[in-house]
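Asks: Sequence below, structure please.
(one chain, ligands or ions: 3)
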Amino acid sequence: MFVAIPKMNPPIEGVKARLVPYAPYHVEQYHKWMSQPHLLEQTASDQLNLEEEYANQISWTQSNDKYTWIVICKLDHRHRPKLGHRTSDEIQLNEISHMCGDVNLFMHEWLSPDQCEIEIMIAESSCQRNGLAVESCKLVMEFAKSFLNIKSFIAKIKQDNIASIKLFTEKLHFRIVEIIECFNEIECHSSECLCDQCQSTIT
Ligand SMILES: CC(C)(COP(=O)(O)OP(=O)(O)OC[C@H]1O[C@@H](n2cnc3c(N)ncnc32)[C@H](O)[C@@H]1OP(=O)(O)O)[C@@H](O)C(=O)NCCC(=O)NCCS
Ligand SMILES: [Zn+2]
Ligand SMILES: [Zn+2]
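Replies: Ligands and ions are numbered 1, 2, ... in the order given. Below you'll find the model as predicted:
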């Protein structure tokens, strides 16, 4: 008999951020972020309705090709009030009020099995520029190397997203390997990458 092995998508504790697996009680706030045109544009996402967002949460959780964590801000500054949410569980309410973004790993058929794509969003403007994106990316990259046999990472970034380009190239030491004009995107690979494109750009 075939028994499906559940995907390992554990919480990860950092200094500034706690990464928790995407759960149904996160969806409402996630949906609010993903209704903002600038975040849809920068993350190359489509606008979904709340029902579709709940369906996505289930499919992302079940997919073996995608790992999604919600970034919980541990910094001691003002966050959203705990009121106005559908749960009365104190731990969940606290988490919802400190949610600031998400970080994802994607396995793709078009990548080698030891490579994956990484995506980050720190949606809450009050939490931005505090090192949360750098720490969250480093945490999931360590996780992927330790538990998923991943050796290198790629990131696709909109050409005009200067913040994200600087994050990946200056802070995480990715190199730009390709400019994909038709999608207005650039593709960056992490410094350990040994693909042909990276080999030819190393001087
Ligand atoms: C890009 C983004 C993830 C950065 O998150 P963050 O938590 O603010 O980033 P960090 O504090 O870890 O910043 C790391 C570095 O990124 C660069 N950076 C971040 N925000 C920047 C900005 N507004 N302008 C210029 N550089 C910026 C800087 O080099 C920064 O280092 P520094 O603060 O020492 O100068 C966040 O702004 C975001 O999610 N934006 C919207 C969605 C998005 O663009 N996602 C990426 C899709 S590829
Ligand atoms: Zn915060
Ligand atoms: Zn490469």
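
Asks: Now for this protein, the helix or strand with the poorest mean pLDDT.
Replies: When each helix and strand of the chain is scored by mean pLDDT, DSSP states H and E, helix 196-201 comes last, with a mean of 84.

Asks: That one - contacts with which helices or strands?
Replies: strand 175-180 (3 or more C-beta pairs under 8 Å, 6 or more residues apart in numbering; DSSP states H and E). (Each C-beta comes from the backbone N, C-alpha and C, glycine too.)

Asks: Contacts for the strand it packs on, please.
Replies: Residues from elsewhere that reach strand 175-180 (C-beta atoms under 8 Å, 6 or more residues apart in numbering): 156, 159, 165, 169, 185-189, 191, 193, 195, 197-198, 201.

Asks: which stretches of this structure form strands?
Replies: 12-13, 17-21, 66-73, 99-106, 115-122, 152-158, 175-180, 185-189 (DSSP state E).

Asks: Tell me which of the ones you listed lies nearest to ligand 2.
Replies: strand 66-73 (3.0 Å; C-beta to the ion).

Asks: Distance from the closest one to the middle of the chain?
Replies: 6 Å (C-alpha atoms, centre = their mean, to the nearest Å).

Asks: quick check, it touching ligand 2?
Replies: Yes. Under the criterion of C-beta under 5 Å from the ion, ligand 2 is reached by strand 66-73 at residue 73.
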